[in-house]
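[1] Fold the following.
(2 chains)
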2 protein chains.
Amino acid sequence: MTVKVQTVCIIGTGLIGGSLALALKQSGFCSRVVGAGRTEATLKKAIELGVIDHYETDFSLAVKDADIVVVAVPLSAMKNVFEQIAPGLSTTAIVTDAGSAKQTVINDAESVFAANANRFVPGHPISGTEKSGVTAAFVELYENRKVILTPTDNTDANALKLVTEMWQATGAEVESMSAQHHDMVLAGTSHLPHILAFGLVDCLNNLKEVDEVFRFAAGGFRDFTRIASSDPVMWRDICLSNREDILDMIKKYQDELQMINNALQDSNGDDLIEIFERAKKARDLFNNQL
Amino acid sequence: MTVKVQTVCIIGTGLIGGSLALALKQSGFCSRVVGAGRTEATLKKAIELGVIDHYETDFSLAVKDADIVVVAVPLSAMKNVFEQIAPGLSTTAIVTDAGSAKQTVINDAESVFAANANRFVPGHPISGTEKSGVTAAFVELYENRKVILTPTDNTDANALKLVTEMWQATGAEVESMSAQHHDMVLAGTSHLPHILAFGLVDCLNNLKEVDEVFRFAAGGFRDFTRIASSDPVMWRDICLSNREDILDMIKKYQDELQMINNALQDSNGDDLIEIFERAKKARDLFNNQL
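    From the prediction side, this is the model:
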């Protein structure tokens, strides 16, 4: 592809930021990727791995020549990072993020960038693994995955277009929706499952037979709990950032579990099979869509 | 290996029975595998796939020459199958099963086989996939997987030894424990996770935004819910057969989920991170044991 922009600056060169850097370099979307972060050792590692071309630990310096700045840090750090980059941004720079909840990031961006918030494009790549850090980054992470952008009424159309093209360059399929809708959908499809998996492993870990429970776990358990290896800080931030929608989903799930509990309490096999059949049908359908 | 027995009869040639047949034939543990089941088309398919050597639809005829009879049918069908095979068993035949809950199967066997129940060896291969049926069977299913045998005080030592050798011939690692302990451990490691996965998919399926929730699901969700594609009849039977232990585990899980809910309700990030970190540590440890 033809080079779209000169410099992309990525704040936070972990799994998400690092994989994006690799994909942008490989696709030729930009000529240069500048990395920034708090920990110099990580940035040196990112240079060593060929993930970024240059690094800065001072965020306002890092963004100086950037056409696009991607903020890929935990949600709780977003506002602080926005404050640090704001003084260094050029008048034409576009800022985007990779946070898993969108309304809180939009609030942070609007409060920091004020009149310039129209050049902020809220975004969320729906991918990742249970691993984290720059050493887990890989160039194919976004291939055929979805990226959701949640522009506001004020978002500049050209900024939205360029960020869309950036993600498309990584092989991702880009979609748009409101932040409110995003946060509700993701609470169900991602946030609740992570909470359930963390909860299951913690619950089993509290049993006195914990060693045996894990020793006799089979493939189903391994798959089911893989996401419980995810980064606790990141997930605390997601929970707090999308608190209302997640609390709604937990409530719905508690009702569902109580319904299964009641069927079992009553030894009601018909009810159990009805629930399990509905679930299997929905899951098989989902599988066929992949 | 040297041939240990002439004939193994497998009642129920689905994923579990069919994969066992394939592994026993390949290892040379027996000279001949006879399959039996209710549906003649399935048995013909099993012959066609080379899974079994011969079939019968009359269970008492099927077990006539069998040195070992493996009953691999849903838990709710166990007692009825025991009743059907009992008249046909030779005086030296050994019977074993592959049920996911053990105390109810022992009760069924003792009530049907009475004085001959000492030649019944309760067993449970800890493997399987979310698929079912003979077409899903494959020879490596048990390789390096665990098989738990739950002998009672009356179980004949030679019978236990032969069933142990049979499973070892498939490449499995065989362990012994009490049925009571088995049922408690499996309630945590397998039965609860399946219920949670069925429950999650059913819960999301009830949302009005169901299409979008599934459309934006990523790899974590796919892994987490794979077991919700499991056979509903089999899981109804497991729930009803291991009802008490599963109800205990559901209660423990409900308390855990309520704890997470309360932390989130209070926006208590410290509590959330503590739970998530404990879970991640336990899950990472489990991963390292594989």
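
[2] Which stretches in the stretch 151-290 of chain A count as strands?
    Secondary structure of the stretch 151-290 of chain A (DSSP state E, counting those that start in this stretch): strands at A:173-176.

[3] any low-confidence regions in it?
    Applying pLDDT under 70 to the stretch 151-290 of chain A flags the ranges A:289-290.

[4] The residue nearest the centre of chain A and A:V3, how far apart?
    Closest to where the C-alpha atoms of chain A average out (C-alpha atoms, centre = their mean) is A:S100, at 4.1 Å. Separation of A:S100 from A:V3 (C-beta to C-beta, to the nearest Å): 30 Å. (Each C-beta comes from the backbone N, C-alpha and C, glycine too.)

[5] Equivalent analysis for A:Y55, please.
    Taken as C-beta to C-beta, the spacing of A:Y55 relative to A:V3 amounts to 21 Å.

[6] Who has more neighbours out of those two?
    More neighbours surround A:Y55 than the other of A:Y55 and A:V3, with 21 against 11 (other C-beta atoms under 10 Å in any protein chain shown).

[7] What helix or strand is the closest residue to the more buried one other than its chain neighbours located in?
    Residue nearest to A:Y55 in three dimensions, not counting chain neighbours: A:L43, with 3.9 Å by C-beta to C-beta, 6 or more residues apart in numbering or on different chains. Per DSSP states H and E, A:L43 falls inside helix A:40-48.

[8] List the contacts of that helix.
    Residues from elsewhere that reach helix A:40-48 (C-beta atoms under 8 Å, 6 or more residues apart in numbering or on different chains): A:13-14, A:18, A:21, A:35-37, A:52-55, A:57, A:133-135.

[9] ok, so of those residues, who is nearest chain B?
    Closest approach between the contacts of helix A:40-48 and chain B, by C-beta to the nearest C-beta: A:G133, at 13.7 Å.

[10] how many neighbours does the closest residue to that closest one other than its chain neighbours have?
    Closest residue to A:G133 apart from its sequence neighbours, by C-beta to C-beta, 6+ apart: A:G14 at 5.5 Å. Here the number of neighbours of A:G14 (other C-beta under 10 Å) works out to 25.

[11] ok, now which ones touch A:G14?
    By C-beta under 8 Å, 6+ apart, the neighbours of A:G14 are A:T42, A:A72, A:S132, A:G133, A:V134, A:A136, A:A137.

[12] Now the phi/psi pair for it, please.
    The phi/psi pair for A:G14 (degrees, to the nearest 10) reads phi -90, psi -150.

[13] and the gap between it and A:R38?
    Noted for A:G14: a distance of 11 Å to A:R38, by C-beta to C-beta.

[14] With A:I227 instead?
    26 Å.

[15] burial measure for A:L207, as a count.
    Residues lying near A:L207 (other C-beta under 10 Å) number 17.

[16] Let me fix that, I meant to ask about A:I106.
    For A:I106, using other C-beta under 10 Å, the count is 22.

[17] The one 4 residues further on too?
    Look at A:E110: counted by other C-beta under 10 Å, it has 17 neighbours.

[18] Over to A:N268?
    Applying other C-beta under 10 Å, we find 15 residues neighbouring A:N268.

[19] Quick check: the residue lying closest to it once chain neighbours are set aside vs A:R278, distance?
    The shortest distance from A:N268 to any non-neighbouring residue, by C-beta to C-beta, 6+ apart, is to A:N262 (7.9 Å). Distance of A:N262 to A:R278, computed by C-beta to C-beta: 16 Å.

[20] same deal with A:F138?
    Per C-beta to C-beta, A:F138 is found 37 Å from A:R278.

[21] same question, A:A187
    Taking C-beta to C-beta, one finds A:A187 at 21 Å from A:R278.

[22] Between these two, tell me which one has more neighbours.
    Between A:A187 and A:R278, counted using other C-beta under 10 Å, A:A187 has the larger neighbour count: 25 against 17.

[23] Show the contacting residues for the closest residue to that one other than its chain neighbours.
    Using C-beta to C-beta, 6+ apart and skipping the chain neighbours, the partner closest in space to A:A187 is A:D245 (3.8 Å). The contact partners of A:D245, by C-beta under 8 Å, 6+ apart, come to A:D183, A:M184, A:L186, A:A187, A:H191.

[24] tell me the two of those residues that are most distant?
    The span of these, defined through C-beta to C-beta, is set by A:M184 and A:H191 at 10.1 Å.

[25] Nearest to chain B: which residue in the stretch 101-250 of chain A?
    A:P232 (3.6 Å).

[26] Does that residue touch B:K280 like I think?
    Yes. Using C-beta atoms under 8 Å, A:P232 is in contact with B:K280, at 5.6 Å.

[27] I'd like to know how many residues surround A:K208.
    Neighbours around A:K208, by other C-beta under 10 Å: 7.

[28] again, but for A:D248
    Using other C-beta under 10 Å, A:D248 has 14 other residues around it.

[29] go on, A:T39?
    Other residues close to A:T39 by other C-beta under 10 Å number 11.

[30] Kindly provide the distance from it to B:M249.
    41 Å.

[31] A:S100 now?
    30 Å.

[32] give me phi/psi at A:S90?
    Torsion angles, degrees, to the nearest 10, at A:S90: phi -70, psi 170.

[33] again, but for A:Y142
    Torsion angles, degrees, to the nearest 10, at A:Y142: phi -100, psi 0.
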